[in-house]
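# Output the structure for:
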Amino acid sequence: MINTALLAAFIPTFALVSLTPGMCMTLSMSLGITIGIKRTLWMMIGELIGVGLVSVLAVIGVAAIMLSAPMVFTIFKWAGGLYLMWLGLQMWQSRGKLAIPETGDSAHAGASRVQLAIQGFVTAVANPKGWAFTMVLLPPFLDDSKPLAPQLAALVAIMLLIEWVALMMYASGGKSLSVVLSRGQNVRLINRIAGTLMLVVGVWLALG
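Numbers count the residues shown, from 1 in each chain. Sure thing, here's the model as predicted:
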């Protein structure tokens, strides 16, 4: 029921997208720094539920948009790209919500499991990158000659697996960085690297 050629192209494409620094990955890394990997798993559960919801809604919505008003889709793509570029500039300057703080932040240390899960869900649903990338990247990997539902279910399942692996990598990296994050210069360097990658993704999204 799934086009294997499209599936083979989809897996590395989404892996690259998922590993790109963004709201959810930055959140996973920052929580890995402050509360460790085990408790960060609760945030990941909420985030994965949000990603699955966004993926299904984006695919359903993009078909209607492309059929009725293709210009709206183009505007949305550019808006998403420009927003990611703005976030990248903020991160490069160690500003904004996505930037890693230059000093330890224990704001999430006392959060309950439910609060962490809700935070992950809200971050995923409110993440423009998630909507933009899903709307742009997922539909081309759907074979219109085959039933939509099983294809979408399979692709979303693969997306969630890749997303979880990426979240674990960022949380593990955050845990490893927890010692050196007390040095402000190192934190600024990390923010600038992540900000540069975010800028590249924003340009790619807008022009792709």
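
# Which stretches in this structure count as strands?
In chain order, the chain shows no strands, with DSSP state E as the criterion.

# Do a quick rundown of the helices in the protein.
Taking DSSP state H as the test, the helices found in the chain are 4-19, 23-34, 37-68, 70-92, 113-125, 128-137, 148-177, 184-207.

# Just say which of these is most tucked in.
The highest mean neighbour count among the helices of the chain belongs to helix 23-34 (a mean of 24), with neighbours defined as mean count of other Cβ atoms under 10 Å. From N, CA and C alone the C-beta is placed, and that goes for glycine too.

# That one versus helix 37-68: what angle between them?
Between helix 23-34 and helix 37-68, the angle formed by their directions is 170 degrees, by axes from the mean of the first three to the mean of the last three Cα atoms, to 10 degrees.

# Now do helix 23-34: distance to the chain's middle.
Using Cα atoms, centre = their mean, to the nearest Å, we find the averaged C-alpha position of helix 23-34 to lie 11 Å away from the chain's own average C-alpha position.

# Show me what that helix packs onto, helices and strands only.
Using 3 or more Cβ pairs under 8 Å, 6 or more residues apart in numbering; DSSP states H and E as the contact criterion, the secondary-structure elements in contact with helix 23-34 are helix 37-68, helix 113-125, helix 148-177.

# so for it, what's the average pLDDT?
Per-residue pLDDT values across helix 23-34 average out to 79.

# next one: stretch 93-104
Across stretch 93-104, the average pLDDT comes to 62.
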